[in-house]
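Chemist: quick check, what structure comes out for this input:
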Amino acid sequence: MTTSMQASPQSSFRLSPGMVMSLVAKGLVWLLFTLLLLASILSVTVAFLLTDDRPLIIADGAQQVADAETINELWPQVRWILARGGAPQTLTFTRQQLDSLTGFAQRAFPRLSGKVDLMEDRARVMATVELPQNPFGPYINVSVDLLNAEGLQLGPLNAGEFSISGERVLYMLVSFVDWQISDSIASELASRVRGVRVAEDSIKVDVAAIAKLVERLRTLPKNLSTPKEQDRSRKIGEYYSLLEQVKLPRGVSPVSLDVYLKPLFAAAKARAEEEGDPEDENEAAMMALSMYAGSRHFGKLVGVLPSSSGHTARTDRPLVLAKRADLALHFVYSMALKVLSDRGLSNAIGEFKELMDRAATGSGYSFVDLAADKAGIHLADAALDSERAVLVQTRMAASNGEADYMPAIDGLPEGLSKAQFVAQFEQVDSPQYQEMVAEIERRIQALPLHQP
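Modeler: Numbering: from 1, shown residues only. Okay, the predicted model is just below:
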């Protein structure tokens, strides 16, 4: 008996669910690998096209800031524009001011070199960034032109082998700022520029009425988008409340800043022992002090308004370091700037401010002020260092006074006019100047706070 074997539809080959999932997984792995390979090739290509073997700009930041006191002439213009924002205004930047601002940027960021060339029909902004050692190239060179034209117009931005139209660059810049602040202020401000006039010795920017924009900018809230930022804001407010409750010695005026620093770091130490994050506690404590003893405007940068009116309720007694109110402010401001920024920027701001003070109407260049600046920076630097944060809390809470963290100021020159400064120190990169800065650093490193 012969049996006929025929395949039926039921016996045909089928993919099991496990086999389907396996094939899909393999396909996704290959797709991911291909995308990563393409991204790597694209990144390497961009890196080679973006970098250069030679710098576009080699500039001496010390020489560029030689006329830093001319920046003082900008402030009246800015105040006038802010006060009379309901009418069109003109803001003028001289060649010396542009050089000074470029030099300041170089002092703040040592790997950056920059220059602004003024021509008949444009101002060319050029910059070179020196990169860490890499296989692609040691420099990134960037240039862009600010055009002499109606409105705000840029020429193409060139970076390595890449070129982007000025219109697109401007759109990207204002869009990024608008996105960061969750408001259209940047794009509206750009549209208020009625024209730019470039000459061989200056840039004049004509601006339409900006009163409403200024008011919006002043009331712009700080966007606390992450839980960490919200937690930091809460902590700063709590430390600020602690400062308001500090009992001052009766009949003593002015009051040493030490009266606030000791309980502040004692509280930071106690909270860190409970919550286990000494760097965060130190940061919040120092920002609270910067608002209380410095300026309420620091609070706007971290989303904290210490009272319903937005004004600090600080004591009416002057706060001093080395018996001087100006040194207390230098110390606190520099400490806050270090918390908010890079140490190089904090140092550059302090140095640049002293260079500006060499003007006839200024207080003169002061190495005493610079010592207070650096003392505040060093305190913040140590307090935010994971290996020293607890030690700073312990030593500041048990401080024997200002001499633990503020260096002696005897023998440090101050009140130097520009002529006196140049005669004695030439410029900020001279050996004489660097020796004076090194002396300040030696005094700070010898303080009890900064011992191992």
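Chemist: who's in contact with the closest residue to residue 397 other than its chain neighbours?
Modeler: On the basis of Cβ to Cβ, 6 or more residues apart in numbering, the spatially nearest residue to residue 397 that is not a chain neighbour turns out to be residue 266, at 3.9 Å. Where C-beta positions appear, they are placed from N, C-alpha and C, glycine not excepted. For residue 266, the contact set (Cβ atoms under 8 Å, 6 or more residues apart in numbering) comprises 393, 396, 397.
Chemist: so how far is residue 246 from the second one?
Modeler: Right, residue 396. 14 Å (Cβ to Cβ, to the nearest Å).
Chemist: more neighbours: these two, which one.
Modeler: Here residue 396 and residue 246 are compared on neighbour count by other Cβ atoms under 10 Å; more neighbours surround residue 396, at 25 against 14.
Chemist: where does this protein have its least confident helix or strand?
Modeler: One helix or strand of the chain scores below all others by mean pLDDT, DSSP states H and E: helix 343-356, with a mean of 60.
Chemist: tell me the first helix or strand C-terminal of that one.
Modeler: Past helix 343-356, heading to the C-terminal end, the next element that is a helix or strand (DSSP states H and E) is helix 367-383.
Chemist: so what does that following helix touch, helix or strand wise?
Modeler: Packing contacts for helix 367-383, counted by 3 or more Cβ pairs under 8 Å, 6 or more residues apart in numbering; DSSP states H and E, involve helix 278-289, helix 325-340, helix 343-356, helix 389-397, helix 431-445.
Chemist: so which of the ones you listed is the most packed in?
Modeler: Most buried of those by mean neighbour count (mean count of other Cβ atoms under 10 Å) is helix 278-289; its value is a mean of 25.
Chemist: show me the contact partners of that helix.
Modeler: Counting contacts by Cβ under 8 Å, 6+ apart, the residues outside helix 278-289 that touch it are 232, 235-240, 242-243, 260-261, 264-265, 267-269, 271-272, 275, 298, 302, 304, 332, 335-336, 339, 379-380, 383-386, 389-390, 392-393.
Chemist: then stretch 118-132?
Modeler: Residues outside stretch 118-132 that contact it (Cβ under 8 Å, 6+ apart) are 51, 55-58, 95, 98, 111-117, 137-148, 155, 198-203.
Chemist: narrow the residues you listed to just the buried residues.
Modeler: Buried members of the contacts of stretch 118-132, counted by 16 or more other Cβ atoms under 10 Å: 51, 55-57, 95, 98, 112-116, 137-148, 155, 198, 202-203.
Chemist: list phi and psi for residue 208.
Modeler: Comment: the main-chain dihedrals of residue 208 come out as phi -70, psi 180, following degrees, to the nearest 10.
Chemist: show me where the stretch 51-200 of the chain has helices.
Modeler: With DSSP state H, counting those that start in this stretch as the definition, the stretch 51-200 of the chain shows helices at residue ranges 61-64, 74-83, 95-108, 166-181, 185-191.
Chemist: for residue 32, which of those helices is the nearest?
Modeler: Comparing the helices of the stretch 51-200 of the chain by their distance to residue 32 (Cβ to Cβ), the top pick is helix 166-181, with 29.3 Å.
Chemist: tell me which other helices or strands the closest one touches.
Modeler: Helix 166-181 makes packing contacts with strand 139-147, helix 185-191 when contacts are defined by 3+ Cβ pairs under 8 Å, 6+ apart.
Chemist: can you pull the buried residues of it?
Modeler: Of all the residues in helix 166-181, those buried under the rule 16+ other Cβ under 10 Å are 166, 170, 174, 177, 178.
Chemist: from what I can see the second one touches residue 154, true?
Modeler: Yes. Under the contact definition of Cβ atoms under 8 Å, residue 170 touches residue 154, with a separation of 5.3 Å.
Chemist: for stretch 50-64, the averaged confidence score.
Modeler: For stretch 50-64, the mean pLDDT works out to 84.
Chemist: which residues are contacting it?
Modeler: For stretch 50-64, with Cβ under 8 Å, 6+ apart as the criterion, the contacting residues are 99-100, 102-104, 106-107, 113-115, 126-128, 130-131, 134, 136-143, 159-162, 427-430.
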